[in-house]
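Trainee: Quick check, what structure comes out for this input:
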Amino acid sequence: MAEPETQLLLAVGLIEKDTNGDALWVWCYPSITAELRALLLRKCCLTQENKLLHTFVFGQYKRSWFYITTVEVQDAPALKKVTHFSVVLTAKDFNPEKYAAFTRILCRIYLKHGSPVKMMESYIAVLTKGICQSEENGSFLSKDFDARKAYLAGSIKDIVSQFGMETVILYTALMLKKRIVVYHPRIEAIQEFTRTLPALVWHRQDWSILHSYVHLNEEEVEALKACTGYIAGFTDSEVNSRSDLYDVYVNLADSEITISPAVKEAMTMGKLHKEIGQLIVQSAEDPDKSDSQVIKDISLKTKEILATLASLTEVSDGNGKPTLNSEALKQKRFPPATENFLFHLAAAEQMLKI
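Mentor: Okay, the predicted model is just below:
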């Protein structure tokens, strides 16, 4: 059962850029902290001079998701002194399509009325009933946007067509809960690519590891560092030199993946990785298979690996949590890279004795 919107939506806000070129917070409901307001001002693209207009961006900061739709004001009598504005939603769930649709409706309402009051009415309608309807601005129904659909919206096939066998590096890094940093100068490219990566480890269905739009700003970097494993997207090429932030660095613009020396040992590739890589590539290159079928194929292989790992565990302490029996692992005489991978996977899954 999907959670009602009252438990998912956190706040709505409005940022305007006036004819003097100043971008300012105009309104929010019920409230947004000063720290988050500063962050959202940075994300909304109205504070940067002569930069491209990003119609829709999303990201996560300290376990709150943000979604921002920005429009240029043309022929709107109600907004004479405004050149652009951004409608911001913060929420507890990852669902870009849902919040893009809702923010677009809120933008149309604001263009027409020039007052946040009407926006607030629609926000409260969605918050309480999960629906807002109007003939001229379009209608929005929360339950049309399933979380699973959002998880499957990206294209694994596109990632494999770009990186081929190297996709297994991304798979391994995700399985081992490593830190992945992705760079591309275009935020849209970053968002599309990074949102798809968690699907490589479908058994977890965990999109909380996704930080699709991060600036090299002190607070943001510190918040990111507090997370164990993550996927973080940056449009600033300087992130390349921030080796303290990544175990795996993806230069999306140049189709290059770099493994940090610190994790070379844990990420050693062997026969098992080659098998996984071939399975991923063969599945993704099959024209008859959809993206969700490719995800299913990878997930079945993952389940096999996890079953192997489970067969090497024992419940030794009182809390009934299985832990890896290192002797049993050694006795299997797996190739060194496979043994190494299973050991590090046990660590990632918290199956090692402390």
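
Trainee: show me where the stretch 251-354 of the chain has helices.
Mentor: In the stretch 251-354 of the chain, the helices defined using DSSP state H, counting those that start in this stretch lie at 271-285, 291-310, 326-331, 336-348.

Trainee: Please apply the same query to the chain.
Mentor: 5-8, 34-43, 96-113, 116-129, 147-151, 156-163, 167-175, 187-196, 218-225, 271-285, 291-310, 326-331, 336-348 (DSSP state H).

Trainee: any idea which of these is most buried?
Mentor: With neighbours defined as mean count of other Cβ atoms under 10 Å, the helices of the chain peak in mean count at helix 167-175, which reaches a mean of 23. The way it works is simple: take the backbone N, C-alpha and C, and place the C-beta from them, glycine included.

Trainee: any idea how far the residue nearest the centre of the chain is from residue 111?
Mentor: Compute the mean C-alpha point of the chain, and by Cα atoms, centre = their mean the closest residue is residue 210, 3.1 Å away. Distance from residue 210 to residue 111, counting by Cβ to Cβ, to the nearest Å: 31 Å.

Trainee: related to what we said a few turns ago, want to throw the helices of the chain into TSV with distance to residue 15 and mean pLDDT?
Mentor: Output for the helices of the chain, formatted as TSV (distance: least, Cβ to Cβ, whole Å; pLDDT from 0 to 100):
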stretch	distance to residue 15	mean pLDDT
helix 5-8	22	76
helix 34-43	6	94
helix 96-113	11	94
helix 116-129	12	92
helix 147-151	25	93
helix 156-163	32	97
helix 167-175	34	98
helix 187-196	17	97
helix 218-225	18	96
helix 271-285	40	97
helix 291-310	34	96
helix 326-331	54	90
helix 336-348	39	95
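
Trainee: Next up, the contacts around residue 98.
Mentor: For residue 98, the contact set (Cβ atoms under 8 Å, 6 or more residues apart in numbering) comprises 142, 144-145, 150.

Trainee: again with residue 262
Mentor: residue 247.

Trainee: Check it and give its pLDDT.
Mentor: What the model reports for residue 262 is a pLDDT of 95.

Trainee: how near is it to residue 241?
Mentor: Distance from residue 262 to residue 241, by Cβ to Cβ: 15 Å.

Trainee: picking up where we left off before, my guess is the residue nearest to the centre of the chain meets residue 191, correct?
Mentor: No - between residue 210 and residue 191 no contact is recorded; they are 9.6 Å apart, counting by Cβ atoms under 8 Å.

Trainee: Just the pLDDT for residue 201.
Mentor: pLDDT, residue 201: 97.

Trainee: Now for it, how many residues are close by?
Mentor: Residues lying near residue 201 (other Cβ atoms under 10 Å) number 21.

Trainee: Contacts only, for it.
Mentor: Here residue 201 is in contact with 171, 174-175, 302 (Cβ under 8 Å, 6+ apart).
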